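[1] Sequence and predicted structure are below.
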2 protein chains.
Amino acid sequence: MARFFVAPDAISGKFAVLTGEAAAHVKVLRLKNGDGVTLCTGDGTELDGVISDLSPDAVSVVIRRADRCAAEPRVFVSVYMALPKSDKFEHVVQKATELGAGEIAAFPSARCVSRPDEKSLGKKLERWQKIAAAAAEQSGRGIIPKVLAIPSYDAALKRAAESDLAILLYENEQKLSLRQAVAGTPHRTAALMTGPEGGFEDAEIAQAQSAGLKICTLGPRILRCETAPLCALTALMFADGELEETQGDCEHG
Amino acid sequence: MARFFVAPDAISGKFAVLTGEAAAHVKVLRLKNGDGVTLCTGDGTELDGVISDLSPDAVSVVIRRADRCAAEPRVFVSVYMALPKSDKFEHVVQKATELGAGEIAAFPSARCVSRPDEKSLGKKLERWQKIAAAAAEQSGRGIIPKVLAIPSYDAALKRAAESDLAILLYENEQKLSLRQAVAGTPHRTAALMTGPEGGFEDAEIAQAQSAGLKICTLGPRILRCETAPLCALTALMFADGELEETQGDCEHG
């Protein structure tokens, strides 16, 4: 069934009216009166409905059923990535959305080469958010992960530390594994933080530790900066039972 | 320490002579007499040595110590991917190498759009193998994963089924999780098989089942064809304790 994200104000009781991109998309897919569609309001709710009218600019839908989107993980994972060079962050936004991230944040760190000014960052954010929306629709997510830019490393640490489970992945960590950190901490929210191409500086690791983050290894192989967040996210989702079809209501950790 | 893959015949007792690309690489890195290097023979052995002579075309190394490469997983994972469109397979070769794959195989399936002829496939294989070599060097692998092209779906199934644990990831599977399949099967070798953009056909799933593969889900989110093999590989590595630094000698499964 075709899936569309719609603004909450498109819904009114048992009816919805799609306009703009969603309406255009219905036409691209050549859907007709009577065809079923799934509408996602972006808060994890899914509405199953049937097309009742197609006008040039709008598509009317009669809603039959509302459900919680089964594709949404029970754990809300924030992916924090030091802003990498070129289009690697776009790649991470797309893949992290598919893999179930709750939000994706870019932040600056000492060895970041990419340092966009405010105007160019604004444009990038707009582009990143569109990539997240497209990936969310394609992968059947119930929410569109928000993409954020955090102005400083310090602010990123502080925000990440508010999650139940806050982890920084560091290639020189020799002891604590992600498995141990995940198993040892009950969590409904989690933050995963990874470094730029050149890695974190020692002082940054100490700072993260003081902020309350657990410093973890992803094993003996050196991962590229765009591979590490996706590896960590996949491992966390696996550990939390989120790569399985039947979703119970058990707590994590 | 700089790492280089060398052919076994470059080693003779306590000495090694680097030529060709490896020698050129030493010069690019501006290494000098007395600098330490790590040589990988491609079979999982690492040789620590010191540069003893630099001539225009060759670099001599005195070997101090030979060790098993600690970055090599204890499980040998074969990644089988139905050949996707454009450069997605290159992406999977690079990332799967970083993530610890033992070998990476492309195969045709019913809905594959990309169907290169023999000549173009030969060129692609050469390119893919170079990508694997570069990723292996960069990520500190002890072997270069072999990249293969398997001529038919049938042959791919037959080969995959020879692994201790053989899994096909299918988006319509509702029950068996990767976790259950991995935990239930002692394994030193594993095969992970994923489909093309359009997915597998029902008949192909039945065929895989008859060949002895377990059909598993990766959860309720629909993954792109290039995301699925990397998600499955990461999950398997995590389940097998291969994303941890200290490597014991316990058996898997």
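    Now that the structure is in, tell me what you want to look at.

[2] From now on I want contacts and neighbour counts done on CA atoms only, so please keep to that.
    Will do.

[3] How about the spatially most central residue of chain A, nearest residue that isn't a chain neighbour?
    Against the mean C-alpha coordinate of chain A, by Cα atoms, centre = their mean, the closest residue is A:A101 at 3.1 Å. Distances taken as Cα to Cα, 6 or more residues apart in numbering or on different chains place A:V77 nearest to A:A101, at 5.2 Å, with adjacent residues excluded.

[4] check contacts around the one you found.
    A:100-103, A:189-192, A:233 (Cα atoms under 8 Å, 6 or more residues apart in numbering or on different chains).

[5] ok, now A:T217?
    Contacts of A:T217 by Cα under 8 Å, 6+ apart are A:169-178, B:243-245.

[6] In CSV: these, plus neighbour count.
    As requested, the contacts of A:T217 are arranged in CSV below (neighbours: other Cα atoms under 10 Å in any protein chain shown):
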residue, neighbour count
A:L169, 25
A:Y170, 21
A:E171, 21
A:N172, 17
A:E173, 18
A:Q174, 16
A:K175, 14
A:L176, 18
A:S177, 21
A:L178, 25
B:L243, 28
B:E244, 23
B:E245, 22
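
[7] Show me where chain A has its helices.
    A:20-28, A:88-98, A:118-139, A:153-160, A:178-183, A:202-211, A:228-239 (DSSP state H).

[8] Lowest average pLDDT across the ones you listed?
    Ranked on mean pLDDT, the bottom entry among these is helix A:20-28, at a mean of 89.

[9] Closest one of the contacts of A:T217 to B:I11?
    Nearest to B:I11 out of the contacts of A:T217 is B:E245 (Cα to Cα; 29.1 Å).

[10] Not counting its neighbours along the chain, what's nearest the closest one?
    That would be A:G219: by Cα to Cα, 6+ apart, it lies 4.7 Å from B:E245.

[11] one step back: of the contacts of A:T217, the lowest pLDDT goes to which?
    Within those, lowest confidence goes to B:E245 (86).

[12] pretty sure that one is in contact with A:K175, am I right?
    Yes. Using Cα atoms under 8 Å, B:E245 is in contact with A:K175, at 6.5 Å.

[13] Counting neighbours, what do you get for A:K14?
    13 (other Cα atoms under 10 Å in any protein chain shown).

[14] That one - nearest residue in space that isn't next to it in sequence?
    Looking at A:K14 with Cα to Cα, 6+ apart, the closest residue is A:I63, at 5.0 Å.

[15] Could you report the separation of the one you found from chain B?
    23 Å (Cα to the nearest Cα, to the nearest Å).

[16] Kindly report the same for A:V182.
    12 Å.

[17] swap in A:M193?
    For A:M193 relative to chain B (Cα to the nearest Cα), the value is 16 Å.

[18] Of the contacts of A:V77, just say which sits nearest to A:P151.
    Using Cα to Cα, these come closest to A:P151 at A:E103, 16.1 Å.

[19] show me the contacts for that closest one.
    A:77-79, A:145-148.

[20] Tell me what it is bridged to.
    With DSSP bridges as the criterion, A:E103 is bridged to A:S78, A:K146.

[21] what's A:A82 in contact with, if anything?
    Contacts of A:A82 (Cα under 8 Å, 6+ apart): A:106-109, A:112, A:193-196.

[22] ok, back up a step: need the contacts of A:T217 in TSV with distance to B:V28, can you?
    Converted to TSV, the contacts of A:T217 look like this (distance: Cα to Cα, whole Å):
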residue	distance to B:V28
A:L169	30
A:Y170	28
A:E171	25
A:N172	26
A:E173	29
A:Q174	30
A:K175	34
A:L176	36
A:S177	35
A:L178	36
B:L243	32
B:E244	33
B:E245	31
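
[23] Among those residues, name the ones in strands.
    Within these, residues falling in strands by DSSP state E are A:L169.

[24] Mind pulling up the pLDDT for the residue nearest to A:G199 when sequence neighbours are not counted?
    Leaving out its chain neighbours, the residue that sits closest to A:G199 by Cα to Cα, 6+ apart is A:R111, at 6.9 Å. What the model reports as pLDDT for A:R111 is 96.

[25] Tell me how far A:R111 lies from chain B.
    19 Å.

[26] That residue contacts A:E204, doesn't it?
    No. A:R111 lies out of contact with A:E204 (Cα under 8 Å); the separation is 10.3 Å.

[27] Could you list the residues of chain A in contact with chain B?
    A:70-71, A:95, A:98-100, A:138-141, A:174-179, A:217-224, A:227, A:231, A:234-235, A:238, A:242-246 (Cα under 8 Å from any Cα of the partner chain).

[28] From those, list just the buried residues.
    Using 16 or more other Cα atoms under 10 Å in any protein chain shown as the burial test, the residues of chain A next to chain B include A:70-71, A:95, A:98-100, A:138-141, A:174, A:176-179, A:217-224, A:227, A:231, A:234-235, A:238, A:242-245 as buried.

[29] Would you map out the domains in chain A?
    Domains of chain A are assigned by automatic domain parsing as A:2-68, A:76-239.

[30] Could you say which of those is packed most deeply?
    For these, the largest average neighbour count (mean count of other Cα atoms under 10 Å in any protein chain shown) is found in domain A:76-239, namely a mean of 20.

[31] what's the span of that domain from first residue to last?
    14 Å (Cα to Cα, to the nearest Å).

[32] and if you look at stretch A:76-87?
    Per Cα to Cα, the first residue of stretch A:76-87 is 25 Å away from its last.

[33] measure the residue of the stretch 51-200 of chain A found nearest chain B to B:S60 for me?
    Of all residues in the stretch 51-200 of chain A, the one sitting closest to chain B is A:S139 (4.4 Å; Cα to the nearest Cα). To B:S60, A:S139 is 53 Å away according to Cα to Cα.

[34] Same check on A:N33?
    76 Å.
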